[in-house]
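*Asks:* I'd like to go over a predicted model; first the sequence, then the structure.
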Amino acid sequence: LSVRGNLSALMQLRPFVAEMRAKVPVSELPGVAWLPDTASDSCMACDAVFTLIRRRHHCRSCGRLFCDRCSPYRSGIEARQCDQCRAEAVRPPREDYSSAMRLLEQRLEEVEAAAAQREAEELLAVAWTFLCLSAAAVVLLLAACGWQRSLLALAALAVVIRLFMFRQLRALWLCVLVLWKYMQSAWEAKRLCEEDAKRFLSARYRVLAFLGARGLRQLGGVWPKVGQYMSTQGDKWPDEVLAELRKLRDAMPAAPFHTTRKTIQEDLGKSVEELFQHFEEQPIASASIGQVHKATLRDGRLVAVKVQHRHAARQIPVDVAYMRLLARFAYILTLGEVDLMPVVTEWLGAVLEELDFQNEAKNQIRGRTELMEAKL
């Protein structure tokens, strides 16, 4: 088991390690009949002849004769046990050992993930503080120079950006922050040896993955699908990044029920009560484009209702165009080291097709028909 992390992270595992040690079964020494001293003149493990220097000893478990090298003195209940009996007595069953190791690896993963999350939140706090202080400095500079008109124009520009371009600027800010941290980490890793650089980059990749996944989730729309697609490319991204991006597949926030109710009424022309006998307000799944609710029709049939998020059809084409611009920006900023254009161009056409739920319904009917013909 490879343990990574600093001392503070490992110290948090002390209670769990003590608990695991207490649960490891150590069998009691059974009562056995010892062989007499004359049963053998040599060690029953290494065949070495007993002498004044290489003395004979009885194993407390099996009762056979061994030399002091094959049955060394040990403290506790393991005193004077041969190597074979000691291994069988101390080693827990394989299933207990495997489950304990899996639990230990899970705890270590949780500690590393919590440390990465804490570092990412601190980085975001510092970045937003710097951004706010820079904006305040610009406002104070304009006020000191007596440019009241410039202040009014700046306030009007801020209102326009908040209303029409907030998501785009937020995506740009996220891209700049992640790329800057990535380039800084790569530069710092060059000053370390190979093994230390791997550990350092592994920790930084966790921070970058948390920043990226959190930002994509908050942007919504088609942006989480970027992370979903990247999580399927195991040969192009580090394992730490893939593990965090996989959470975007089923951990998307759901729209409130009043928004879902309004969308159904606008698209189908009837209210939820008129269309369904029962409609569960809590969705059973939520994705970047829509969410699925469990419902019962008026005739008693149990159905799954997929509701597209409001304004998705209007926002996604804009996000697609802006995503292409950001991919070129990342390629230029990193001097070709980070190339996201293949990711963008490969699947964006398919994303636009996913907005047509009628086409998706036809595909589902076709798949159901083929499964019924195959008697599956």
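*Replies:* In hand now; what should we look at?
*Asks:* By average pLDDT, which secondary structure element in this structure comes out worst?
*Replies:* helix 7-11 (a mean of 58; mean pLDDT, DSSP states H and E).
*Asks:* burial count for Arg204?
*Replies:* Counted with other CB atoms under 10 Å, the neighbours of Arg204 add up to 21. In short, each C-beta sits where N, CA and C put it, glycine included.
*Asks:* Give me the residue at the spatial middle of the chain.
*Replies:* Note on the chain: the residue nearest the mean C-alpha position is Glu244, at 2.9 Å, using CA atoms, centre = their mean.
*Asks:* ok, and what's touching the helix or strand where it lies?
*Replies:* According to DSSP states H and E, Glu244 maps onto helix 239-245. With contact meaning CB atoms under 8 Å, 6 or more residues apart in numbering, helix 239-245 is reached by 202, 205-206, 208-210, 212-213, 227-228, 230-231, 234, 237.
*Asks:* Repeat that for stretch 118-133.
*Replies:* In contact with stretch 118-133 (CB under 8 Å, 6+ apart) are residues Trp173, Leu177, Lys181, Val207, Phe210, Leu211, Arg214.
*Asks:* hmm, 6 Å instead?
*Replies:* Leu177, Val207, Phe210, Leu211 (CB atoms under 6 Å, 6 or more residues apart in numbering).
*Asks:* Settle this for me: the third one is touching Ala113, isn't it.
*Replies:* Read it as Phe210. No: with contacts counted by CB atoms under 6 Å, Phe210 stays clear of Ala113, the gap being 8.0 Å.
*Asks:* Looking at the two now, which is surrounded by more residues?
*Replies:* Ranked by neighbour count (other CB under 10 Å), Phe210 and Ala113 place Phe210 first, with 23 against 16.
*Asks:* Could you find the closest non-adjacent residue to the more buried one?
*Replies:* Ala120 (4.4 Å; CB to CB, 6 or more residues apart in numbering).
*Asks:* What's the local residue count around that neighbour?
*Replies:* Ala120 has 20 nearby residues by other CB under 10 Å.
*Asks:* returning to what we had before: would you mark the buried spots in the helix holding Glu244?
*Replies:* Glu240, Val241, Leu242, Ala243, Glu244, Leu245 (16 or more other CB atoms under 10 Å).
*Asks:* Go through the next helix or strand after that helix and flag the buried ones.
*Replies:* Note on helix 239-245: by DSSP H and E, the next helix or strand toward the C-terminus is helix 257-268. Buried positions in helix 257-268, judged by neighbour count with 16+ other CB under 10 Å: Thr260, Arg261, Thr263, Ile264.
*Asks:* what sits up against helix 257-268?
*Replies:* Here helix 257-268 has contacts from Ser271, Val272, Glu281, Val307, Arg310, using CB under 6 Å, 6+ apart.
*Asks:* got these as a markdown table, with secondary structure, pLDDT and distance to Ala186 columns?
*Replies:* Converted to a markdown table, the contacts of helix 257-268 look like this (DSSP: H, G, I helix; E, B strand; the rest coil; pLDDT from 0 to 100; distance: CB to CB, whole Å):
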| residue | secondary structure | pLDDT | distance to Ala186 |
| --- | --- | --- | --- |
| Ser271 | coil | 88 | 56 |
| Val272 | helix | 88 | 52 |
| Glu281 | coil | 88 | 47 |
| Val307 | strand | 90 | 43 |
| Arg310 | coil | 76 | 40 |
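*Asks:* Alright, calling it a day.
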